[in-house]
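# would you be able to build a 3D model of this:
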Amino acid sequence: MKKYLVLILFSVLAISELQAQYGGYGRGGYGNGYGRGGYGSQRSSIPSAGPTQAEPEEVKPSDIVEERLPDYQAEFNLDAFKLEVLRNILEDYYATLIALQKDKTMDAESMRKSYESEQKDLKASLTGILSKEDVEKLVAMDFSPKAVKKRKKARENE
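Okay, the predicted model is just below:
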């Protein structure tokens, strides 16, 4: 009888030791049951950096203009002089828009008014090199919500 009592006591102690060391009740080993653990899994002394978010690349106005100028030249049959004038007008316009986007002090209403003002200034500048119909065509071709969605989708697929 004494042998059985010692055997039962030894078994209970061994099971509790195994449970403490390797985890029990479905918690995995060497862990606390909160996603960390597994046999041989130990914390590293090297601190791990979380997932790093890459800084969005700053878009330059000249890059935007260079991407779109061939379409404008083909659509409106622009000579070299008009193409350069258009390049300068668009670079100034995009530089202003980028600056507006970076300005965190403006509220939404004043930012909207600034965008509308810039759009009017752009149309006024474009009438110097394009006809009124061509200006409306360029605005519809490049600045309409449909065109913006199309460009955004093409950029995501790159």
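# leaving out sequence neighbours, find the closest residue to Phe76.
In this structure, Phe76 finds its nearest non-sequential neighbour in Asp134, 5.6 Å apart by Cβ to Cβ, 6 or more residues apart in numbering. In short, each C-beta sits where N, CA and C put it, glycine included.
# which stretches of this protein form helices?
Along the chain, counting by DSSP state H, helices occupy 2-22, 61-76, 80-102, 108-126, 132-142, 145-157.
# how about TSV for these, with mean neighbour count and mean pLDDT added?
Listed next are these as TSV, based on neighbours: other Cβ atoms under 10 Å; pLDDT from 0 to 100:
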stretch	mean neighbour count	mean pLDDT
helix 2-22	10	65
helix 61-76	15	88
helix 80-102	15	92
helix 108-126	13	90
helix 132-142	15	86
helix 145-157	10	74
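# give me the residues contacting stretch 139-157.
Here stretch 139-157 makes contact (Cβ atoms under 8 Å, 6 or more residues apart in numbering) with Arg68, Asp71, Glu75, Gln119, Lys123.
# distance of the second one from Ser144?
Spelled out, that is Asp71. Per Cβ to Cβ, to the nearest Å, Asp71 is found 14 Å from Ser144.
# need the nearest residue in space to Gln73, chain neighbours excluded.
Leu83 (5.8 Å).
# residues contacting the one you found?
Contacts of Leu83 by Cβ under 8 Å, 6+ apart are Leu69, Tyr72, Gln73.
# separation between the first one and Asp63?
Here Leu69 is placed at a distance of 11 Å from Asp63 (Cβ to Cβ).
# how about the closest residue to Glu91 other than its chain neighbours, what does it touch?
Closest residue to Glu91 apart from its sequence neighbours, by Cβ to Cβ, 6+ apart: Pro61 at 4.6 Å. For Pro61, the contact set (Cβ under 8 Å, 6+ apart) comprises Leu90, Glu91, Asp92, Tyr93, Tyr94, Ala95, Ile98.
# in TSV, list these along with distance to Glu156.
Conversion of these to TSV gives the following (distance: Cβ to Cβ, whole Å):
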residue	distance to Glu156
Leu90	23
Glu91	25
Asp92	27
Tyr93	24
Tyr94	20
Ala95	24
Ile98	20
